[in-house]
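Chemist: Any chance you can model this:
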Amino acid sequence: MVLLGGAWWALTDEPEATAAATARTAPAPRRLVVGPLVAVGGDAQAAAFIQGLTSELETVLVAVPGLRVATADARARDSASAATPVPIASESRLRLEGTVQREGTQVRVLLRAMDLGRGTAVWSGSFDGRADSLLALQGRVARSVANGLAVLVERDTVRR
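Modeler: Here you go, the predicted structure:
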């Protein structure tokens, strides 16, 4: 009877202990702020493209496991409180920044993810497309960034 009771206790208590241990060792998610993206030369058409690209990036990057994407409201709060930054406990902060440049019918998007704690670039990409197919370029850029950052987050998870 004692053996059965001990076995029952061990079997029912183990998942809770395992879950607690996993929760303690699971890495904190990385927080990503999208922007600023800048139109080179103040190009109004590139600026309009940037609005759509920013929105698509935020939408696609939300699906990357281990990544928390800050919304436009959070970006505004971050910039408003730049003088008195709020520490983000146990989170690694990334910022996706870059430029959009147009020349005739060509569009170039240059992006990089900056680790704000270290002040270093941890990912970068260059994307070329045509001004007459901006939605296709926008989708391709967002998918490539998501894939690149997913690899980065996965690699960081393995290291921790």
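
Chemist: Dihedrals phi and psi, the residue nearest to residue 97 when sequence neighbours are not counted?
Modeler: Residue nearest to residue 97 in three dimensions, not counting chain neighbours: residue 36, with 5.8 Å by C-beta to C-beta, 6 or more residues apart in numbering. All C-beta atoms are positioned from the backbone trio N, CA, C, and that covers glycine. Taking degrees, to the nearest 10, you get phi -90, psi 140 for the backbone angles of residue 36.

Chemist: Surely residue 36 is in contact with residue 99?
Modeler: No. Residue 36 is not in contact with residue 99 according to C-beta atoms under 8 Å; the separation is 9.5 Å.

Chemist: Those two - which one has more neighbours?
Modeler: Using other C-beta atoms under 10 Å as the criterion, residue 36 and residue 99 rank with residue 99 on top: 17 against 14.

Chemist: doesn't residue 35 make contact with the more buried one?
Modeler: No. Contact status for residue 99 versus residue 35: not in contact, 11.7 Å apart, counting by C-beta under 8 Å.

Chemist: Please point out which parts of the helix ranked longest in the chain sit buried.
Modeler: As assigned by DSSP state H, the longest helix anywhere in the chain is helix 134-159. Of the residues in helix 134-159, 134, 137-138, 141-142, 145-146, 148-150, 152-153 count as buried by neighbour count, 16 or more other C-beta atoms under 10 Å.

Chemist: okay, those in CSV with distance to residue 59 and pLDDT next?
Modeler: Below are the buried residues of helix 134-159 laid out as CSV (distance: C-beta to C-beta, whole Å; pLDDT from 0 to 100):
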residue, distance to residue 59, pLDDT
134, 16, 95
137, 16, 97
138, 11, 96
141, 12, 98
142, 8, 97
145, 12, 97
146, 10, 97
148, 16, 95
149, 14, 96
150, 15, 95
152, 19, 90
153, 17, 90
